[in-house]
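K.L.:
below are the sequence and a predicted model; questions follow.
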Amino acid sequence: MKLTCLDTGGDGGYYTPASHLLELEGLRILLDCPIDLSALTAFSPVPRGASYCDAGDLIRAVPYYRSPAVVAAAKAGGVDAVLVSSATGLLGLPFLTRLPSFASTKVYVTEVAAKMGRLMMTELVEMHREFVRCYGPDRDQSPVWMEWERLKKFQSVLQKIMTEEVGNNGLAALVPLYSLENIEACMQKIKHVKYGEEACFNGMLMLKAYSSGLELGNCVWTIKGPRASITYLPSSIFVSAHALDFDYSPLRGNDVILFSDFSSLNSMHDDNKKMGEHVVNETDIYLASDSVFRDDGTNEDESIKYLCSNDDIKEEIERISFICSCITDAINSGGSVLIPIGRLGIILLLLEHMSETLLSSNMKVPIFLISETAEEIITFTNALPEWLCKSRQEKLFSGEALFGHVELLKQRKLSLFPHLYSKDLLAAWKEPCIVFCPHWSLRHGPAVHLLHRWRADKRCLLVLEQGVDTELTLKPFMPLAIQVLGCSFLSGIKVGKIDPLLGLLKPKLVLFPEGQKLLSPAREKQPWPFLYYSKGKTIEVPNMREEFEMLLTTEVAFGLQPKQLDKTTAVARLKAKILLSNGHYVLAAAKSQLHQLERHLLHRGTVDAGLVQSALQEKGIVCSFSADADISAPKDRERTISITSPGEALVKVASERTTIYCDDEKIAEHVYDALRSICSGI
């Protein structure tokens, strides 16, 4: 088995998940196919009107995009299957479907992640069209700005973004964005799965998706084959405020865990102390992990209680509440609020808590959600109760709305519009207001134009998600007077919960990011070894099973005629063919079976040389031990019996085998019959 980490997600965090290429049982499996949007920050937003500020040395052209996963798949000559763990892990798939080698590739993703991914891709294409309308479509295979001499004129930070992983051989990894037709074509390749539903790939691998808790439809994958069972563990949250909680129980006992949650790396540099960010005490980490290395059931219960505590979600709610209070302050001062965040779960929670905040403070302020897919997304969130956390499901049974935005829509406090300059929005527009809109890069979409509108107003507020280069992201909008609130949301497993989780899952091997090595060091008392991987390098994963199980079909099992050798062992003989079915090797009946009388018997066990001599003599064969044989030698030493009549032959008897040496086939058969009379045959 081989593993190649294609991308760690970098600063994209939630929006650009990690991706890997796994080679298993002769198959190539791509784990997530995201799109890297970091290159967008090197481009200037589309200008609208003469009042726009100078974008400096940003590129004024139609943006190009990249997907390291697609580049790696192309170099490998294609992939056999793609496992997608989130909607954002689906965004690069249309690039992959355009490759000729993709024709027979299968894609597995949950129904909700597929739906959300399609909407996000559609939204990206629609916003990208604004660039095309401004600059015109690219007719040249390589735009002028991609020439290396021109690229040198950009700032050093821009050079790094635009040339990462590409080198000096051109910007081959950057490609034009896909079209709506490409999106529809790639969606035809997808096989939808539900949580816990078993999917068989190529008869060899059994695939199952389980809830990761991070977002609606996000999942953890298990891959089970005849010689290994693997858990692909991307960013996960044990307890969620909206999505189904992390279902880690089915992951227990798998041979290998591919830990692909890089959120802990980002949290090391998190300076968001104002919002109640919890700092895990190092002593607590070691105390929590100590308990999982014992076999005491009580300690395991304590670990589960620790992992599934509500601390994380409480902090998330506190963070949301803090943001709501900042929004309230901005509104009270007469300013508007711009929230260009693309995480659906965070948007739903913000809307819910904003509703409560506005009600408690008796504030009347319009809330706008501006997106090409806004209406479809909001409608969709009310039609997937089985994918929601238990508290949301209980609301359904009690007749309550699943989310707070339902009431906001009924009261007409929340309005949905497809784009910024629709007639209905212009008629309903009123400031101060709160606006939710994409996109997190601040390079295209309604967020760009609204930020230009409010950037000089110090009463207004911009809510940005941390994890991007804020200086570069805001560069086209300088100078800024607007208040900027940087927020970090829960994006994966916290450092202190990594070891306790591994202690519950009890793998044989953990594949762990090299960059997080110090966060979860391999200590002597841990029963599982760590194998560290890094971006762009291929590692060999050792085989975790020396033996593997073989199943019997019913026909073969009932046709066996076992013979008892001793109290604990029975042996049966069969003729069968090996098949591969549902991840298991299976022995199936051969087309033709030999008749019992036509089969040569197989013998088992040690033969006593003295009994051999007696059996031969009973058959009328004249024989004796060789003259040089040492009668006093131990019985496990080889002994030779010479046969003189009815022909010449030798029989060598050893502890591990008995061998007949004879030139005459009839005499050899006669000797063999004598031996068979004292052996247990099957």
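P.N.:
It's in. Given the structure is predicted, the values throughout are model-derived calculations rather than measurements.
K.L.:
now stretch 329-336: how far from the chain's centre is it?
P.N.:
Mean C-alpha position of stretch 329-336 versus that of the full chain (CA atoms, centre = their mean, to the nearest Å) differs by 42 Å.
K.L.:
so what touches that stretch?
P.N.:
Contacts with stretch 329-336, where a contact means CB atoms under 8 Å, 6 or more residues apart in numbering, come from 337, 363, 365, 431-435, 454, 457-461, 483. C-beta: built from backbone N, CA, C; applies to glycine.
K.L.:
the residues you listed: which two are farthest apart?
P.N.:
Met363 and Lys458 (20.3 Å; CB to CB).
K.L.:
still on that earlier bit, buried subset of the contacts of stretch 329-336?
P.N.:
Applying 16 or more other CB atoms under 10 Å to those, the neighbour count classes 337, 365, 432-435, 454, 457, 459-461, 483 as buried.
K.L.:
could you redo those residues as CSV and give each row distance to Val70?
P.N.:
CSV is the format used below for the buried ones among the contacts of stretch 329-336 (distance: CB to CB, whole Å):
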residue, distance to Val70
Val337, 37
Val365, 43
Pro432, 43
Cys433, 40
Ile434, 37
Val435, 33
Trp454, 37
Asp457, 42
Arg459, 44
Cys460, 39
Leu461, 38
Gln483, 39
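K.L.:
which of these sits closest to Val84?
P.N.:
Nearest member of those to Val84, counting by CB to CB, is Val435, at 30.5 Å.
K.L.:
and the buried ones among the contacts of stretch 329-336 as JSON lines, adding secondary structure, pLDDT and distance to Leu490?
P.N.:
Formatted as JSON lines, the buried ones among the contacts of stretch 329-336 follow (DSSP: H, G, I helix; E, B strand; the rest coil; pLDDT from 0 to 100; distance: CB to CB, whole Å):
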{"residue": "Val337", "secondary structure": "strand", "pLDDT": "96", "distance to Leu490": "22"}
{"residue": "Val365", "secondary structure": "coil", "pLDDT": "92", "distance to Leu490": "27"}
{"residue": "Pro432", "secondary structure": "coil", "pLDDT": "94", "distance to Leu490": "29"}
{"residue": "Cys433", "secondary structure": "coil", "pLDDT": "95", "distance to Leu490": "28"}
{"residue": "Ile434", "secondary structure": "strand", "pLDDT": "95", "distance to Leu490": "22"}
{"residue": "Val435", "secondary structure": "strand", "pLDDT": "96", "distance to Leu490": "24"}
{"residue": "Trp454", "secondary structure": "helix", "pLDDT": "95", "distance to Leu490": "28"}
{"residue": "Asp457", "secondary structure": "coil", "pLDDT": "95", "distance to Leu490": "31"}
{"residue": "Arg459", "secondary structure": "coil", "pLDDT": "96", "distance to Leu490": "30"}
{"residue": "Cys460", "secondary structure": "coil", "pLDDT": "97", "distance to Leu490": "27"}
{"residue": "Leu461", "secondary structure": "strand", "pLDDT": "96", "distance to Leu490": "22"}
{"residue": "Gln483", "secondary structure": "strand", "pLDDT": "95", "distance to Leu490": "24"}
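K.L.:
off-centre distance for stretch 29-43?
P.N.:
16 Å.
K.L.:
quick one: mean pLDDT for that stretch?
P.N.:
What stretch 29-43 shows for mean pLDDT is 87.
K.L.:
check stretch 490-504 too.
P.N.:
Mean pLDDT, stretch 490-504: 87.
K.L.:
list the buried ones in that stretch?
P.N.:
Buried-residue list, stretch 490-504, by 16+ other CB under 10 Å: 490-503.
K.L.:
between the two ends of it, what distance do you get?
P.N.:
22 Å (CA to CA, to the nearest Å).
K.L.:
that stretch: how far from the chain's middle?
P.N.:
Remark: stretch 490-504 is offset 16 Å from the chain centroid, using CA atoms, centre = their mean.
K.L.:
same question, stretch 567-582
P.N.:
36 Å.
K.L.:
with stretch 190-209 instead?
P.N.:
That offset, for stretch 190-209, works out to 13 Å (CA atoms, centre = their mean).
K.L.:
same check on stretch 557-574?
P.N.:
44 Å.
K.L.:
please save the CA atoms from it in PDB.
P.N.:
Presented in PDB, the C-alpha positions along stretch 557-574 are these (Å, rounded to 0.1, in the frame of the first residue of the first chain):
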ATOM      1  CA  ALA A 557     -19.100 -26.100   2.700                       C
ATOM      2  CA  PHE A 558     -21.800 -28.800   2.400                       C
ATOM      3  CA  GLY A 559     -19.600 -30.800   0.100                       C
ATOM      4  CA  LEU A 560     -16.800 -31.200   2.500                       C
ATOM      5  CA  GLN A 561     -16.100 -34.600   4.100                       C
ATOM      6  CA  PRO A 562     -13.900 -33.800   7.100                       C
ATOM      7  CA  LYS A 563     -11.800 -36.400   8.800                       C
ATOM      8  CA  GLN A 564     -11.000 -36.100  12.500                       C
ATOM      9  CA  LEU A 565      -7.200 -36.200  13.100                       C
ATOM     10  CA  ASP A 566      -7.300 -35.500  16.800                       C
ATOM     11  CA  LYS A 567      -9.600 -34.000  19.400                       C
ATOM     12  CA  THR A 568      -9.100 -30.400  18.000                       C
ATOM     13  CA  THR A 569      -8.300 -30.900  14.300                       C
ATOM     14  CA  ALA A 570     -10.300 -32.100  11.400                       C
ATOM     15  CA  VAL A 571      -9.200 -32.100   7.800                       C
ATOM     16  CA  ALA A 572     -11.200 -32.100   4.600                       C
ATOM     17  CA  ARG A 573     -10.100 -32.100   0.900                       C
ATOM     18  CA  LEU A 574     -11.700 -30.000  -1.700                       C
END
